[in-house]
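1. okay, sequence plus prediction incoming.
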Amino acid sequence: MVKRFLILVFVIACWHVLSAQRSVQDQVFAYAFRGELSLMVEVFNHELPCHMYAYWYAYADNDGDGTGEFLLSDFKRSYINAYKFRDGDVRQIPANLKADDCDWRPLKWLFSDQTLQGDPMADVTLRYRPVFADNVDIQANRFKVSTEVCSYLDLNNKVSDYDRMIFKPHVNPVQFVNAKSSPKGSVYTFSLPDAAMTKKMFRGYASTQASPILVPKEFLESHTPLQYSRWLQGEKEVKASPDAKQIISDFFGGRKVYDSRWLASCEVNERLFYYVVFAPEPDESYVLVSLVCMAEGEVVSVCNEWLALDDDSRTTVVSGETLSDLLFHAPQIMAMVAAEPGLELYVRWPSNDGLHYSILREYMNEFIYIQDDFENMVAE
């Protein structure tokens, strides 16, 4: 009995040591891959049609040395690239694992991974924790932030830090008004010191169409909001032109565009943004939708999503929506920001259960969500 107990103690001790080592390795690699993510994505996507871009990632011991490697694969897991952190650098190594051996997760949600979360303070944007105003009354000059939406943020000790508000290219000082508690969390109210500035800052926008972003003024030392035009709910939809559809189709390996919507245009960097639904291929049980960014007549970056089709229909996804319904989920761009790591989009977009308030960052030719808050709109 004593011998068994000692063995158990030894096993537990070894497990804790290995877990601690793995935890340190995970954090070290988390810092490394964030710095090299653009390179890894570029290497994987090189000369591939867009529907085969990196879609999944995994963190696993690819070479059997007891430490984890970062793996990328396309949506169908046709092939795998593996990357190792060695001698202070990230290097590509042969992929020895099979697709079935890995715990794959969507690449675009990598920053929300608890295993590889890293240190937010090491990121030029996340260190400031931008927040979206989720309850807006432009006429009353009231902009509210709810901890029910940004659920993992405690504003109590830093509410005064949020002294600037961004909407499109506009930046204005903002002041804290009050905080109120509710059963679901706290609500922090802000206002512009000069109420008349609301007319300039939100010209042409109703309260329901705007979700401005609150940040500390230091944020603006490394981020530049850009001027752009965008589609608004209620306006006539603008589809991609025949030429744009052909460029997009060619870039996606000849896939046919089923439907599309123009989202925004930014003249300073000659960017055009579309939300595109592709017609399913005959042998596929999924439909591909994508946020597509074009510049100078070619596709430069995307954010792909694959949705399962209903078994009984080629025009319905498992949520019960038709292919045309999928345009409902198109992101509404509240700010477009130039930052050193890459172009950032500050967007609000509806899922099936509520509203997301997200920051997307361009890593070479893919957009990845670096922050995501959620407002549940379904009655409990």
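-> Looks like it arrived, so ask away. Given the structure is predicted, the values throughout are model-derived calculations rather than measurements.
2. so Gly204 is in which element?
-> Here Gly204, judged by DSSP states H and E, is contained in no helix and no strand.
3. Tyr188 too?
-> strand 185-191.
4. list the helices and strands that strand packs on?
-> In terms of contacts (3 or more C-beta pairs under 8 Å, 6 or more residues apart in numbering; DSSP states H and E), strand 185-191 is packed against strand 142-146, strand 175-182. For the C-beta atoms, the positions are set from N, CA and C on the backbone; glycine is no exception.
5. same list, the ones you listed, but as JSON lines with mean pLDDT and distance to Ala279 please.
-> Output for the helices and strands packed on strand 185-191, formatted as JSON lines (pLDDT from 0 to 100; distance: least, C-beta to C-beta, whole Å):
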{"stretch": "strand 142-146", "mean pLDDT": "96", "distance to Ala279": "39"}
{"stretch": "strand 175-182", "mean pLDDT": "92", "distance to Ala279": "46"}
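6. among these, which comes closest to Lys217?
-> strand 175-182 (12.4 Å; C-beta to C-beta).
7. which residue comes closest to Cys293 once chain neighbours are left out?
-> Ser301 (4.5 Å; C-beta to C-beta, 6 or more residues apart in numbering).
8. ok, and what's touching stretch 315-329?
-> 237, 258-259, 261, 275, 277, 279, 287, 289, 307-310, 349-352 (C-beta atoms under 8 Å, 6 or more residues apart in numbering).
9. gap between the two ends of that stretch?
-> 17 Å (C-alpha to C-alpha, to the nearest Å).
10. in it, what counts as buried?
-> For stretch 315-329, a neighbour-count test (16 or more other C-beta atoms under 10 Å) marks Thr316, Val317, Glu321, Leu323, Leu326, Leu327, His329 as buried.
11. beta-bridge partners for the first one, please?
-> Meaning Thr316. Thr322 (DSSP bridges).
12. touching, Glu281 and Arg255? I think so.
-> Yes: at 7.2 Å, Glu281 counts as touching Arg255 under the criterion of C-beta atoms under 8 Å.
13. rewinding a little: tell me which of the helices and strands packed on strand 185-191 is the most buried.
-> Neighbour counts (mean count of other C-beta atoms under 10 Å) averaged over each of these peak at strand 142-146, with a mean of 21.
14. so which elements touch the helix or strand just after that strand?
-> Going down the chain from strand 142-146, the next helix or strand is strand 164-167, by DSSP H and E. Packing partners of strand 164-167 (3+ C-beta pairs under 8 Å, 6+ apart): strand 170-173, strand 213-215, strand 332-339.
15. list the contacts of strand 164-167.
-> Contacts for strand 164-167 (C-beta under 8 Å, 6+ apart): 133, 143, 171-174, 190, 192, 201-202, 210, 212-217, 219-220, 225, 334-335, 337, 346.
16. got the buried residues of stretch 315-329 as JSON lines, with pLDDT columns?
-> Shown next, in JSON lines, are these (pLDDT from 0 to 100):
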{"residue": "Thr316", "pLDDT": "91"}
{"residue": "Val317", "pLDDT": "94"}
{"residue": "Glu321", "pLDDT": "94"}
{"residue": "Leu323", "pLDDT": "94"}
{"residue": "Leu326", "pLDDT": "96"}
{"residue": "Leu327", "pLDDT": "95"}
{"residue": "His329", "pLDDT": "96"}
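17. closest to Ser265 among the residues you listed?
-> Nearest member of the buried residues of stretch 315-329 to Ser265, counting by C-beta to C-beta, is Leu327, at 17.8 Å.
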